[in-house]
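Q: curious how this folds, go ahead:
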Amino acid sequence: VAFVVCRSLEGLKTFSYLEELILDNNLLGNDLLLPRLPHLHTLTLNKNQISFQRKLESLLDHLAEVAPSLQYLSLLGNMACPNELVCKEKDEDDYQRYRYFVLYKLSNLKFLDTRKVTSKEREEALIRGAFMKVVKPK
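A: You can find the predicted model right below:
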């Protein structure tokens, strides 16, 4: 097992049958681009530099396109994942809105961060998820 700090994921295109990808503690940011990984079911991007929900939306759209089998996603430790561990001003309501939004965008997820996706969350995501995007004034 080797640990390398990643800034680019260019080399992943040769691993089209990859099922699990752990990219925790790297310098990956809002411009993260993955090649098409149709078998990828687990992706962790904990403690990277993914910031602001506006950028999160484009990342989630990208993941929906390139990783259609994704079932487990973790974004803890990024500014785009609003919880009290990252920002003292955030609370459980902020985190739950984030979960609804992510589940609206990636409806096949079974786990998000450290928690299993519940049927109630899935229903709420379908109804209100599109409206859970937090937009900050410029």
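Q: residue contacts, the closest residue to Leu34 other than its chain neighbours?
A: Among residues not flanking Leu34 along the chain, Val66 sits closest, at 5.1 Å (C-beta to C-beta, 6 or more residues apart in numbering). Every C-beta, even on glycine, is put in place using the N, C-alpha and C of the backbone. Contacts for Val66 (C-beta atoms under 8 Å, 6 or more residues apart in numbering) come out as Leu34, Pro35, Arg36, Leu37.
Q: ok, Val66 to Ala80 distance?
A: 18 Å (C-beta to C-beta, to the nearest Å).
Q: check Tyr95 too.
A: 12 Å.
Q: comparing those two, which residue is more hemmed in?
A: Ala80 (23 against 17; other C-beta atoms under 10 Å).
Q: where along the protein do the strands fall?
A: According to DSSP state E, the chain carries its strands in the segments 20-22, 42-44, 72-74, 111-112, 115-116.
Q: need these in TSV (columns: mean neighbour count and mean pLDDT).
A: Output for the strands of the chain, formatted as TSV (neighbours: other C-beta atoms under 10 Å; pLDDT from 0 to 100):
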stretch	mean neighbour count	mean pLDDT
strand 20-22	14	96
strand 42-44	18	97
strand 72-74	20	98
strand 111-112	17	98
strand 115-116	10	96
